[in-house]
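Visitor: Sequence first, predicted model second:
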Amino acid sequence: MPRPGQRSPAGQPQARLCRRHHRVDPADQDPAGATPVSRASLQADLANAQARNTRLIARIQQLETRLSEALGEQAWRESGLGGPADVEELQRMITRLEQQAIDLTASLEERGAELEAAREANRLLTRALNQRE
């Protein structure tokens, strides 16, 4: 902060700026009789507006990032590249496929047993035919 007598960043002498903060120039008053506006209050309003602008910019960037992520996830799911989000449906599908594998294995074993029985019957018949001759 500049010392008294030095110029402030805005170019005003510091002592003069301090005097203006607490008094209202009659020329600054609204002719309609509204509340007078001081330079200090205008500067405070400006500082508040700039701070609010900074907060809004940060919030907008945060929302843009969230929107971008959401749209990216949606595009990923719709493209078929991403996995389905419904874990319960996947669990049901796994259970159904496991049961199908068990059923197919049992069916294969049953057909294998039938095939072995048919081969044994064929051997017996072939032996019986060969013994007759």
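Guide: Happy to help now that I have it. If you're wondering where the values come from, they're calculated on a predicted model, not measured in any experiment. Numbering: from 1, shown residues only.
Visitor: any low-confidence regions in this protein?
Guide: Residue ranges of the chain with pLDDT under 70: 1-34, 82-85.
Visitor: and the longest helix for it?
Guide: Counting residues, the longest helix found in the chain (DSSP state H) is helix 87-132.
Visitor: Now do that one: distance to the chain's middle.
Guide: On the basis of CA atoms, centre = their mean, to the nearest Å, helix 87-132 sits 50 Å off its chain's mean C-alpha point.
Visitor: And for stretch 67-83?
Guide: 10 Å.
Visitor: For it, C-alpha coordinates in CSV please.
Guide: What follows is stretch 67-83, C-alpha atoms only, in CSV (Å, rounded to 0.1, in the frame of the first residue of the first chain):
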residue,chain,number,x,y,z
LEU,A,67,-21.5,-31.3,-18.6
SER,A,68,-18.6,-32.4,-20.7
GLU,A,69,-18.1,-35.5,-18.5
ALA,A,70,-21.8,-36.3,-18.5
LEU,A,71,-22.0,-36.0,-22.3
GLY,A,72,-18.8,-38.1,-22.7
GLU,A,73,-20.2,-40.9,-20.6
GLN,A,74,-23.5,-40.8,-22.4
ALA,A,75,-21.7,-41.0,-25.8
TRP,A,76,-19.5,-43.8,-24.5
ARG,A,77,-22.6,-45.8,-23.4
GLU,A,78,-24.5,-45.1,-26.6
SER,A,79,-21.6,-46.1,-28.8
GLY,A,80,-21.5,-49.6,-27.3
LEU,A,81,-17.9,-49.2,-26.3
GLY,A,82,-18.7,-48.8,-22.6
GLY,A,83,-20.1,-51.5,-20.4
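Visitor: Next one: L125 from R119, what distance?
Guide: 11 Å (CB to CB, to the nearest Å). For every residue, glycine as well, the C-beta is placed using N, CA and C.
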